[in-house]
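Student: build me a model:
(one chain, ligands or ions: 1)
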Amino acid sequence: MLPDAAETGRMQPLLAKIAAGLDDFLKFEHPDALHPGHAWRQRLDRPLPRAGIGIDGVAEELVRHVIPNGSSVPRPGFSSFITTGAVTASTLASTAAGIAAPQRYNHTAFNFLEELSLRWLAEMFGLRGMEGVYSSGGSVANLLALGAARQHAFERLGRDPAADGIDRPVAVYATAEAHHTIQRSAGVLGIGRRAVRAIACDRRGRMRVDALRAALAEDRRAGVLPMAIVANAGTTNTGAIDPLQEIGEIAQSAGVWFHVDGAYGLPGVLDERVAPLYAGLALADSVIVDPHKWLGAAVGVAATFVRDRELLRRAFTQEPAAYLEGSMAAAGTAAPAIEHSMDDFGVPYYDFGVELSAPSRGVVVWALLREIGVAGMTERIRRHNDMARHIAQVAAAHPKLELLLEPTLSICCFRYVPAAAGDVDALNQRLHRRLIRENRNMPSTTRVNGQLALRPCFIGARSTFEHAEALVADVLRIGAELEREAVPCMAEDLA
Ligand SMILES: *Cc1c(COP(=O)(O)O)cnc(C)c1O
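Tutor: Next comes the predicted model:
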């Protein structure tokens, strides 16, 4: 039998081989995974190996068949959804963490960087006096924030909802533009998805505060307990920022928890042109951000910030367990000396959320910020916002394009307009499929006030101004092609 590589001390050449494969991948000269004639699936689809091929064989298969058939997401022209490829600093840090600190607890450098990087994020984004915890993504980060809100609302009534559940109907207020992980969180927390009230938006996708006031008053009359108001600092659809200051003041005077979902858009505060829109952040009881979006971390890093992590601990504690605390020398001693990293768990992040085993994520955020600093991050955010503004300007001026919404951050909603009357939505849908097939500049689509929009969202560290220009050029070219082809294109593109 081949020894496993753990015993052979060959990390360096093996990682070098994978790194070479990744450098090749990052040239983006390879075709899409489903290119005609692709054969990787047959090569990879083998029965359960009874005997292994050894670590060199694994490295070879990774480089030959797996890496080149990876995702479009890291491509610099990819602007779909709100997801992107990891920057190199993230890859270095998460590779290191996976080996050297497979858990984030104990008094290690990794546990220390978990806390330090959370403080850096809070400082960089102006979250004064807030404490954080990392989790796997915005979905869980929102869940933790709303768990804190639930704890807060019921503790004021003398109940512990984490221990005893909830005993009365509650309501959460968010707009129809809020991310649907808000509804899912409400389901998981036992509040129910239907407890999330859909507050009306204005034409620019921002919460209407008059509608919020009315909904709060109506629930009060009906004896429903208002649990949280959720505002967006950058909606997923269009990048809209709700009127945070006004909403925060309403929340404060109503004594209701104020949550700000900044999974995508919180880093926008670094661009001083839009920073005033974030003024109300100071009133927030909880805020989330996804370092795996605009900051360039590999997928699996989100942060939830609250004023007092003890609230999170009461909401999510796993309770002491015989198999844990007793193993720590410090437990139960009067003045515990911490002389070994294993003498104590360090900051107990596992009690502030829903994950016990979890990777060290702080080291990733630390590496991102250590590499380029706030200055580098600010430059990236401004560049991406500029790209959306550039497309908006071109679209507003060009006879064949229509700007559907003035961008707030790095998302621009626009579309192609044919000369002849016809189904503009369908034409843009076909145009979008063709963009994807060309495998270069790939936005997603959405609907803005009922109309289909092409929706580039620029967050990739490898995306530069030229990618915005190239996207517009592609849209104009393909739009003209589709106009020439008129009707027959239906069959081809919808097949
Ligand atoms: C992306 C996003 C989420 C969900 O985050 P994941 O990291 O994908 O789980 C939540 N809220 C907003 C506003 C988002 O853009």
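Student: how about the residues of this structure by the ligand?
Tutor: Residues of the chain found near the ligand (CB under 6 Å from any ligand atom) are 82, 137-139, 142, 179, 181, 232, 236, 261, 263-264, 290, 302. For the C-beta atoms, the positions are set from N, CA and C on the backbone; glycine is no exception.
Student: mind redoing it with 5 Å?
Tutor: For the chain, the residues in contact with the ligand (CB under 5 Å from any ligand atom) are I82, G137, G138, S139, H179, T181, T236, D261, A263, Y264, D290.
Student: what is the mean pLDDT for stretch 103-110?
Tutor: For stretch 103-110, the mean pLDDT works out to 95.
Student: tell me the confidence at L324?
Tutor: 78.
Student: I'd like to know how far it sits from Y105.
Tutor: Distance of L324 to Y105, given as CB to CB, to the nearest Å: 10 Å.
Student: before we move on, back to that, could you save the residues of the chain next to the ligand as CSV and add columns showing secondary structure?
Tutor: CSV is the format used below for the residues of the chain next to the ligand (DSSP: H, G, I helix; E, B strand; the rest coil):
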residue, secondary structure
I82, coil
G137, coil
G138, helix
S139, helix
H179, coil
T181, helix
T236, coil
D261, strand
A263, coil
Y264, coil
D290, coil
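Student: how near is A148 to the ligand?
Tutor: 16 Å (CB to the nearest ligand atom, to the nearest Å).
Student: so what's that residue up against?
Tutor: Neighbouring residues of A148 by CB atoms under 8 Å, 6 or more residues apart in numbering: W257, D285, S286, T304, V306, L311, L312, A315.
Student: and if we set it to 6 Å?
Tutor: Shown in contact with A148 (CB atoms under 6 Å, 6 or more residues apart in numbering): S286, V306, L311, L312, A315.
Student: that one is in what secondary structure piece?
Tutor: Per DSSP states H and E: A148 is located in helix 138-155.
Student: check which residues of the following helix or strand past that helix are buried.
Tutor: Next along the chain after helix 138-155, taking DSSP H and E as the criterion, comes helix 161-164. For helix 161-164, a neighbour-count test (16 or more other CB atoms under 10 Å) marks P161, A162 as buried.
Student: check stretch 261-281 too.
Tutor: Here stretch 261-281 shows 261-271, 274, 277-278, 280-281 as buried, counting by 16+ other CB under 10 Å.
Student: and the closest residue to the ligand within the stretch 351-495 of the chain, how many neighbours?
Tutor: Closest contact between the stretch 351-495 of the chain and the ligand, by CB to the nearest ligand atom, is at C457 (9.2 Å). By the criterion of other CB atoms under 10 Å, C457 has 33 neighbours.
Student: contacts only, for it.
Tutor: Counting by CB under 6 Å, 6+ apart, C457 has contacts S79, I82, I411.
Student: what separation do you get for T235 and S71?
Tutor: Taking CB to CB, one finds T235 at 24 Å from S71.
Student: what kind of secondary structure is G248 in?
Tutor: Here G248 is recorded as helix under three-state DSSP.
Student: surely it is in contact with A282?
Tutor: No: G248 is not in contact with A282 according to CB atoms under 6 Å; the separation is 7.6 Å.
Student: the more surrounded of the two?
Tutor: Per other CB under 10 Å, whichever of G248 and A282 has more neighbours is G248, with 22 against 13.
Student: for the more buried one, give me its contacts.
Tutor: By CB under 6 Å, 6+ apart, the neighbours of G248 are F258, G280, L283.
Student: ok, F78 - how many residues close by?
Tutor: Neighbour tally, F78, other CB under 10 Å: 29.
Student: cool, and A39?
Tutor: Count around A39 with other CB under 10 Å applied: 9.
Student: tell me the pLDDT at the most centrally placed residue in the chain?
Tutor: What sits nearest the mean C-alpha location of the chain, by CA atoms, centre = their mean, is D290, with 4.1 Å. Predicted confidence (pLDDT) at D290: the value is 98.
Student: got a pLDDT number for the closest residue to it other than its chain neighbours?
Tutor: Nearest residue to D290 in three dimensions, chain neighbours excluded: A263, at 4.3 Å (CB to CB, 6 or more residues apart in numbering). Per-residue pLDDT puts A263 at 98.
Student: now do the contacts for A263.
Tutor: With CB under 6 Å, 6+ apart, A263 has these contacts: G138, I288, D290.
Student: surely the first one meets A302?
Tutor: Read that as G138. Yes: under the criterion of CB under 6 Å, G138 makes contact with A302 at 5.2 Å.
Student: and for the two, which residues touch both?
Tutor: Shared contacts of G138 and A302, defined by CB under 6 Å, 6+ apart, are found at D290.
Student: that's a strand at V299, yeah?
Tutor: No: assignment of V299 by three-state DSSP gives coil, placing it outside any strand.
Student: would you list the phi and psi of V260?
Tutor: phi -110, psi 120 (degrees, to the nearest 10).
Student: where does it land on pLDDT?
Tutor: As predicted, V260 sits at a pLDDT of 98.
Student: counting neighbours, what do you get for it?
Tutor: 30.
Student: helix/strand/coil for the residue nearest to F258 when sequence neighbours are not counted?
Tutor: With CB to CB, 6+ apart as the criterion, F258 has its nearest non-adjacent residue at 3.7 Å, and that residue is A251. What three-state DSSP gives for A251 is helix.
Student: isn't A251 up against A228?
Tutor: No: with contact defined as CB under 6 Å, A251 does not reach A228; the gap is 8.4 Å.
Student: between those two, point out the one with more neighbours.
Tutor: Comparing A251 with A228 by other CB under 10 Å, the one with more neighbours is A228, at 29 against 25.
Student: would that one count as being in a helix?
Tutor: No: counting by three-state DSSP, A228 is not found in a helix; it is strand.
Student: what distance separates stretch 254-269 from the middle of the whole chain?
Tutor: Put simply, stretch 254-269 sits 14 Å off its chain's centre (CA atoms, centre = their mean, to the nearest Å).
Student: any idea how far apart the tips of that stretch sit?
Tutor: Its first and final residues considered, stretch 254-269 spans 27 Å by CA to CA, to the nearest Å.
Student: count the residues that sit near the closest residue to G85 other than its chain neighbours.
Tutor: Counting by CB to CB, 6+ apart, P74 is the residue found nearest to G85 once chain neighbours are left out, at 2.5 Å. As a burial measure, P74 scores 19 neighbours (other CB under 10 Å).
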